[in-house]
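Undergrad: Quick check, what structure comes out for this input:
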Amino acid sequence: MSALDRYRPQIATVMDWEQATQLGEVLEWAEEASQYVERIVIIPKVIGGITSIPQKIGGKEIILGFSVPTKYGGTPIPDWEYWGRPVHLLGGSPEKQMLYWKLLSCQCDVVSCDGNYIAMLALRANRIWSATGYQAKLSEITGMQKAQDMPYRCFDISCRNYKIMWGQTE
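TA: This is a model prediction of the structure:
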C-alpha cells in the first residue's frame, strides 16, 4: 500500500480471489487500496463468486480482472459471470486481448487491458509489436545497434501501434 500511497495510480489490482474463504481478505485489500486510487481491479477465480463482489468499495469503482487464456493460465470463470460488469483484460497478446474484447464486449464494458506482452517484447528482446503480427527489432528499423533506452523506445512505438489497433489515434 505504500507504493499506492507514493505513486497514486488511477487503477490498481489487489490480490487474486482464488479461494472462496479469501473474499473477506480481498475486500479488505480493496478497501485499503481505495484510499489511493480511482478504480480497483479484483481478479476473481472462484466460480459462482462474482455476484459477491460489490460494484464499489470505499466509493471507488470495482473492475473485474479477466485473465485472458494463455499457456501460463487463464480465468476458470465462465464469461457470462462477468456480464454487466466493467472488465480489465489481463495477460495475453494484443491479438488475443482483441479477440476477448470482441467476445465480452457484447455483455460487458471492457474498460482496459494490460500491456505486459508488449512490455516483455521490449524489455527482453528490444522488439516492437505491430498489429500485422510482425515483431521488428528496433535495430532493423533504425540501424541503431545499442542504446540504453532501446527497450523504452520499443515500448513507446508498440504502445502507439497498440492504440492504433484499438482505434485511438491520440
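Undergrad: Would you mark the buried spots in the helix ranked longest in the chain?
TA: Counting by DSSP state H, the longest helix found in the chain is helix 150-165. Residues of helix 150-165 classed as buried: 150-151, 153-155, 157-159, 161-162 (neighbour count, 16 or more other C-beta atoms under 10 Å). Backbone N, C-alpha and C define where each C-beta goes, glycine included.
Undergrad: what's next to stretch 11-20, contact-wise?
TA: Stretch 11-20 is contacted by residues 4, 22-23, 25-26, 29-30, 33, 36-46, 49, 53, 63, 65, 88, 112 when judged by C-beta atoms under 8 Å, 6 or more residues apart in numbering.
Undergrad: Do a quick rundown of the helices in this protein.
TA: Counting by DSSP H, the chain has helices at residues 2-7, 23-33, 94-104, 116-125, 138-142, 150-165.
Undergrad: which ones are touching the nearest residue to Pro54 once chain neighbours are set aside?
TA: Distances taken as C-beta to C-beta, 6 or more residues apart in numbering put Ile62 closest to Pro54, at 6.2 Å, once the chain neighbours are dropped. Residues near Ile62 by C-beta under 8 Å, 6+ apart: 30, 39-42, 53-56, 86.
Undergrad: Any of those buried? List them.
TA: By 16+ other C-beta under 10 Å, these give 30, 39-42, 53, 86 as buried.
Undergrad: Report the central residue of this structure.
TA: When C-alpha atoms, centre = their mean is applied to the chain, the residue found nearest the centroid is Asp114 (2.8 Å).
Undergrad: Roughly how far does it sit from Glu31?
TA: 23 Å (C-beta to C-beta, to the nearest Å).
Undergrad: Many thanks, I have nothing further to ask.
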